[in-house]
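Enquirer: Quick check, what structure comes out for this input:
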Amino acid sequence: MKLLLENWRKYLEEGKSVSKTDIHKLADDKGILWDDDRDFKSWSEELTGKSCLDKMTGDDLETVHRALEKRPSQLSKLKEDEESRARFAKGVEKIDPTLRDFGPKDRFDNILMAKKGRSLKKLFAQEADRAFMNSLTTVHWTQANDIWRVIQNYQSLRRDELSCNAFLKPSDITEGGPFGRRWGLVVRGHISLLANDMDDIATGTGRSYKDPEQAERTASSGANKGVLKIGYAGDYEKYKIVVLDKEDWRPDTGNHGVYRNEALVDNWKIEAIIVSPKQSRKQSLIEKHLEAAGMDVPVGTVDEIRKAL
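Expert: Numbers count the residues shown, from 1 in each chain. Next comes the predicted model:
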């Protein structure tokens, strides 16, 4: 009788279908992010051909659940992430209160913004997962004329900090950047600060930091960007404002799927140049500028650069 009941229990368990709730619970138990998480969606799509659990069949859900059972727990990483954000928040508490204040006139004070930026960058350097930062693909979106200018003055301008979108991998590069820009420099360098939403740091334009009063410093070490905003200390622990590691990765995409995160990249080099579609004449000019400068980097549309990298 006991054996019969045991076999009956196993039969019922095997016949029980897997639900979305089962997958969510298992992921939570393992500390694996799933709620609107790009990696989880990509992983699910590799398994079933579908990225959204809502569109999966019962067999698809079972496939995901079985694969999820084999994945290692990420709870220790989540704990490390929480501790890093807590330390970052405590560091913000110690920043000079005059730098944490925010007024409308601050956006015109580049020296003050630079001081604020140095304060956050120092904390970021202490807590950021450098291996994760080095793995990211960064793109500075701009205009064709600015790309020519960069190529012609490459050795001096590459010391200036750039505002970039950050992507987990080249295939994630979007068709354009914020403000409708379609030309881009794919660069690799030192990420000194990374935020999920550019509005949370508001760094301003790079040229605005070329202050005549700081000309001697910027000529030798380049222009380092600052920030307009330093938020409440507790918010840096509670919310994923600053990206310190993979667990903090929540890039804002606005209403049109365009990344609005911001990485400040220093000491960079050009890895590729993205051109706007149907701009063959300008693309030819860029290629000539590159040849004249002795630079060998791929040039193409977003789709071509995704494949090239």
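Enquirer: now the strands for the chain?
Expert: Listed in chain order, the strands of the chain (DSSP state E) span 137-142, 162-167, 183-195, 262-274, 299-300.
Enquirer: got a markdown table for these, with mean neighbour count, mean pLDDT and distance to residue 43 too?
Expert: Every residue, glycine included, has its C-beta placed from N, CA and C. Shown next, in a markdown table, are the strands of the chain (neighbours: other Cβ atoms under 10 Å; pLDDT from 0 to 100; distance: least, Cβ to Cβ, whole Å):
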| stretch | mean neighbour count | mean pLDDT | distance to residue 43 |
| --- | --- | --- | --- |
| strand 137-142 | 24 | 97 | 19 |
| strand 162-167 | 23 | 96 | 17 |
| strand 183-195 | 22 | 97 | 23 |
| strand 262-274 | 22 | 97 | 24 |
| strand 299-300 | 16 | 96 | 28 |
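Enquirer: Just send the ones you listed back as TSV, with distance to residue 80 too.
Expert: Output for those, formatted as TSV (distance: least, Cβ to Cβ, whole Å):
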stretch	distance to residue 80
strand 137-142	24
strand 162-167	21
strand 183-195	17
strand 262-274	21
strand 299-300	39
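Enquirer: Tell me which of those lies nearest to residue 34.
Expert: strand 162-167 (20.3 Å; Cβ to Cβ).
Enquirer: May I ask which helix or strand of the protein has the lowest mean pLDDT?
Expert: In the chain, the helix or strand scored least confidently by mean pLDDT, DSSP states H and E is helix 215-221, which has a mean of 47.
Enquirer: so how far does stretch 47-64 reach from one end to the other?
Expert: Terminal residues of stretch 47-64 are spaced 7 Å apart (Cα to Cα, to the nearest Å).
Enquirer: and it, which residues are buried?
Expert: 47-48, 51, 53, 56, 60-64 (16 or more other Cβ atoms under 10 Å).
Enquirer: which residues touch it?
Expert: Contact with stretch 47-64 is made by 17-20, 22-23, 41-42, 44-45, 67, as judged by Cβ atoms under 8 Å, 6 or more residues apart in numbering.
Enquirer: Check what pLDDT the nearest residue to residue 309 once chain neighbours are set aside gets.
Expert: Distance criterion Cβ to Cβ, 6 or more residues apart in numbering; nearest residue to residue 309, sequence neighbours excluded, is residue 170 at 3.7 Å. Note on residue 170: pLDDT of 96.
Enquirer: Next up, the contacts around residue 170.
Expert: The neighbours of residue 170, taking Cβ under 8 Å, 6+ apart as the test, are 137, 186, 305-306, 309.
Enquirer: With distance to residue 87 as extra columns, can I get the residues you listed in CSV?
Expert: Formatted as CSV, the contacts of residue 170 follow (distance: Cβ to Cβ, whole Å):
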residue, distance to residue 87
137, 27
186, 32
305, 37
306, 36
309, 34
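Enquirer: just to revisit the earlier point, narrow the contacts of stretch 47-64 to just the buried residues.
Expert: If we count by 16+ other Cβ under 10 Å, the contacts of stretch 47-64 have these buried: 18, 22-23, 44.
Enquirer: Just give me the closest of the residues you listed to residue 83.
Expert: Minimum distance to residue 83 across the buried ones among the contacts of stretch 47-64 is 27.7 Å, recorded for residue 23 (Cβ to Cβ).
Enquirer: Per-residue pLDDT of that closest one, please?
Expert: Looking at residue 23, its pLDDT is 89.
Enquirer: How about residue 254?
Expert: 81.
Enquirer: same thing with residue 235?
Expert: Residue 235 carries a pLDDT value of 96.
Enquirer: Could you do residue 108 as well?
Expert: 66.
Enquirer: for the one 5 residues further on, same thing?
Expert: Confidence at residue 113, expressed as pLDDT, is 88.
Enquirer: Also the one 3 residues further on?
Expert: For residue 116, the pLDDT comes out at 92.
Enquirer: residues touching residue 183, list them.
Expert: So residue 183 contacts 141-144, 146-147, 273-276 (Cβ under 8 Å, 6+ apart).
Enquirer: how about those in CSV, adding distance to residue 178?
Expert: Conversion of the contacts of residue 183 to CSV gives the following (distance: Cβ to Cβ, whole Å):
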residue, distance to residue 178
141, 7
142, 11
143, 13
144, 17
146, 15
147, 17
273, 19
274, 14
275, 18
276, 15
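Enquirer: mind showing which ranges of this structure have poor pLDDT?
Expert: For the chain, the stretches with pLDDT under 70 are 1-16, 102-108, 205-222.
Enquirer: Domain parsing of it, as residue ranges.
Expert: Domains of the chain are assigned by automatic domain parsing as 2-70, 76-308.
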